[in-house]
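> what's the 3D shape of this:
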Amino acid sequence: MPRALVTGSAGFIGAHLCARLLDEGWEVTGLDGMLPYYSLELKDARLDRLKDKRGFRQVTARLEEPGVVAELMAEVAPDIVVHLAAEAGVRNSIENPRSYLMSNVVGTFEILEAVRAHPPRHTLIASTSSAYGANTDMPYVETMRADHQVSPYAATKKSTEVLAHAHSHLFDLPITMFRFFTVYGPWGRPDMAYYLFADAIRKGEPIKVFNHGKMQRDFVFIDDLIEAIRRLIDTPPVRPVDRQVPEGDSLSPVAPFRVVNIGKSDPDTLMAFIEAIEDAMGQKADKIMMDMQPGDVPATWADASLLQRLTGYLPRTPLTQGMPAFVEWFRAYNRF
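As a prediction, the model looks like this:
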């Protein structure tokens, strides 16, 4: 029976991935610090869905504490590690940058040191589309330079990519970094825009529409994201021979290390996103048009052709299908 260690197991993406692996017969050890950045009740509810599944074990600990992950790795000896734990959110990182540095950079360093001491066959680490920063060339391609991050959150995530590459090179560790785009769906975080919009519509309160609705995002439904991660698990990078990297591949010339976008390759406008929520809720939102917030970017758009070449899969769920699924869960969870 294959074994996995998944950090951030009480989180939106982590809980969905754990459920997928458990349903396939994996033994899954989840690690989560249970930080109160948002509702612990929601995190507990996600874990409650996992605890009834055979093969699941939950460990509550801060992964940035020295030795915690290494001890767990030695005990579990996982075949794969999926590191999803992080402090997320652009705007909160501007207010609390030190916390992001500790959780995201130091926490990932502890993961890498544990993987170095107890190597699995593949380590997968979450990055973000925010790593592309001030780039304006669209769509974003993994091989383009990404040196101008515009928020502490993005800077910490790009830093984890650099650390992971060094470990991969020095210790021959197969590592895949995936850059998520805008993920949404059932069991999502209550600080995310779509949850806030749905909650405001439910309560008859106005919503803030930043950049006057002129934003574009590559919205990815959670089931599509999990399918992509699951396929990437079985696609560990291999150090290239004589530094020869296939054209269009983000594979490092000196390490078994790769960066992969997970996006739909088809961005939607913020107004289309809001309309999908309104349609699913059966109610129009009262909109307050706002300027763009510091640290945000006007558009994200993934070139996901590398993901498709590696796995044969490309996320395709449209907002008209994904948003009703979220709203159905949102109504049930909030009992209205």
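
> Residue 101 reaches residue 156, doesn't it?
Yes. At 6.0 Å, residue 101 counts as touching residue 156 under the criterion of Cβ atoms under 8 Å. Using the backbone N, CA and C atoms, a C-beta is placed for each residue, glycine as well.

> Tell me which of these two has more neighbours.
residue 156 (28 against 18; other Cβ atoms under 10 Å).

> Checking the residue lying closest to the more buried one once chain neighbours are set aside next. Helix, strand or coil?
Spatially, and ignoring its direct neighbours in sequence, residue 156 is nearest to residue 104 (3.9 Å; Cβ to Cβ, 6 or more residues apart in numbering). Following DSSP: H, G, I helix; E, B strand; the rest coil, we place residue 104 in the helix state.

> ok, residue 104 - contacts?
Listed by Cβ atoms under 8 Å, 6 or more residues apart in numbering, the contact set of residue 104 reads 86-87, 153, 156-157, 159-160.

> Neighbours of residue 330, how many?
For residue 330, using other Cβ under 10 Å, the count is 23.

> Chain neighbours aside, what residue packs nearest to it?
Using Cβ to Cβ, 6+ apart, the nearest residue to residue 330 is residue 198, at 5.3 Å.

> For the helix or strand of the chain with the lowest mean pLDDT, which helices and strands make contact with it?
When the helices and strands of the chain are compared on mean pLDDT, DSSP states H and E, helix 90-95 comes out lowest with a mean of 85. Contacting helix 90-95 under the criterion 3 or more Cβ pairs under 8 Å, 6 or more residues apart in numbering; DSSP states H and E are the following elements: helix 152-171.

> all strands for the stretch 101-250 of the chain, in order.
For the stretch 101-250 of the chain, the strands defined by DSSP state E, counting those that start in this stretch cover 122-128, 175-180, 182-184, 207-209, 216-217, 219-221.

> List the strands paired with the third one, with their directions.
Based on DSSP bridges, the strands next to strand 182-184 in the sheet, each with its direction, are strand 219-221 (parallel).

> residues making contact with the partner strand?
Contacts to strand 219-221, defined as Cβ under 8 Å, 6+ apart, come from residues 180-185, 262-264, 267-268, 273, 315, 317, 319, 321-322, 325.
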